[in-house]
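In: coordinates for the following, if possible.
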Amino acid sequence: MERLKNNWITDGLIDFEYKKYLLLGYLKNVQKAFNKVELYPSLSDLIMHYENLLNIKKGQQEMKNKFPKQLHGLDMEKLAIIYKELIEDSGMMKEMEEIVEYSIPMFKNSLNEGKEIYEFVEEQCEFSPVGLLPLYVDEGYLLINNSSKTETNVYRYQMTFIQSANERFRGINTTLIAKLKRGVGQTFENLKSELISKFTDLPNPATFAIQAKMKFPFTPTLEPVAKRLLVRYVSTT
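Out: A predicted model of the protein is given here:
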């Protein structure tokens with residue numbers, strides 16, 4: 001899917017009709033992905049663009065508030081002082097405002113749809129620890145099984161901390177180490193035993209399994225949802 005540039009608002013021609021054309025084309029592609037229940041990278045992109053737009057709108061308002069003003073008159077009825085701005089918005093600023101005001105609800109609608117799909121996928125995922133959990137759960141294995149498929153993707157994970165400007169939150173690094181077949185009667189506990197025998201540096205690993213009740217696109221949907229489920233579980237443990 002063709003992605004929208006991070007700086008699409010300010011990149012190139014600042015023209016409402018042109019930016020509208022870009023936006024509608026992008027959201028049309030996002031809708032196609034959502035129709036196929038493909039969440040990523042569309043959902044994370046939508047969140048990023050939506051937050052950027054809100055920040056731009058906030059910045060525009062702060063700039064307006066800082067414009068020099070002069071006393072223009074006094075409304076005795078409302079007891080309100082009327083100010084006239086000495087600095088009027090330029091044509092480009094007004095064009096930018098129009099683009100931002102149009103884009104915010106468009107992104108919000110697509111974002112809400114993506115979140116609904118995400119919540120549906122999450123509801124279809126059975127998340128469970130495999131065997132007894134050790135006290136240390138920041139490293140271990142994640143087993144993901146897509147619906148009735150016998151193949152299970154096995155990831156080794158390690159929790160990390162990500163520092164943003166205002167907060168510190170959990171992240172995860174994962175490495176696909178195997179795609180294992182599960183025969184009749186073979187359980188996730190059996191797979192965990194095989195992993196312990198093969199990778200002796202983790203003698204008592206935290207292991208989690210996610211079984212999808214429905215078949216979903218793996219890479220753009222089930223895999224990222226599964227990882228977020230794991231991060232949330234470990235963060236609250």
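In: what's around residue 217, how many residues?
Out: 16 (other C-beta atoms under 10 Å). Quick note: C-beta positions are derived from backbone N, CA and C, even for glycine.
In: same thing with residue 39?
Out: Residue 39, neighbours per other C-beta under 10 Å, totals 23.
In: list the contacts for the closest residue to it other than its chain neighbours?
Out: Using C-beta to C-beta, 6 or more residues apart in numbering and skipping residues adjacent in sequence, the residue nearest residue 39 is residue 221, 4.8 Å away. For residue 221, the contacting residues are 37, 38, 39, 40, 121, by C-beta atoms under 8 Å, 6 or more residues apart in numbering.
In: check which helix or strand the residue most central in space within the chain maps to.
Out: The centroid of the chain falls nearest to residue 44 when counting by C-alpha atoms, centre = their mean (3.3 Å). Per DSSP states H and E: residue 44 is located in helix 42-65.
In: now swap in residue 134 and tell me
Out: Applying DSSP H and E, one finds residue 134 in no helix or strand.
In: do the same with residue 202
Out: For residue 202, there is no enclosing helix or strand under DSSP H and E.
In: in this structure, which spans are strands?
Out: Using DSSP state E, the strands of the chain run over 69-75, 80-85, 125-129, 139-145, 151-163, 168-181, 206-212.
In: neighbouring strands of the fourth one in the sheet, and parallel or not?
Out: It refers to strand 139-145. Using DSSP bridges, the strands paired with strand 139-145 are strand 151-163 (antiparallel), strand 206-212 (parallel).
In: can you check the third one too?
Out: According to DSSP bridges, strand 125-129 has the following sheet partners: strand 206-212 (antiparallel).
In: in the partner strand, which residues are buried?
Out: Buried residues in strand 206-212, counted by 16 or more other C-beta atoms under 10 Å: 206, 207, 208, 209, 210, 211, 212.
In: who does the first one bridge with?
Out: For residue 206, the beta-bridge assignment (DSSP bridges) gives partners residue 140.
In: now do the last one
Out: In this structure, residue 212 has beta-bridge partners residue 125, where bridges are defined by DSSP bridges.
In: that one: what's it in contact with?
Out: Residue 212 makes contact with 121, 124, 125, 126, 144, 145, 146, 147, 222, according to C-beta under 8 Å, 6+ apart.
In: check the fourth one too.
Out: By C-beta under 8 Å, 6+ apart, the residues touching residue 209 are 127, 128, 129, 130, 142, 143, 144, 145, 188.
In: try 6 Å
Out: By C-beta atoms under 6 Å, 6 or more residues apart in numbering, residue 209 lies in contact with 128, 130, 143, 188.
In: ok so, going back, mean pLDDT and distance to residue 61 for the strands paired with strand 139-145 - can I get that in a markdown table?
Out: A markdown table is the format used below for the strands paired with strand 139-145 (pLDDT from 0 to 100; distance: least, C-beta to C-beta, whole Å):
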| stretch | mean pLDDT | distance to residue 61 |
| --- | --- | --- |
| strand 151-163 | 88 | 28 |
| strand 206-212 | 96 | 43 |
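In: same list (those strands) but as CSV, adding distance to residue 183.
Out: Formatted as CSV, the strands paired with strand 139-145 follow (distance: least, C-beta to C-beta, whole Å):
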stretch, distance to residue 183
strand 151-163, 11
strand 206-212, 16
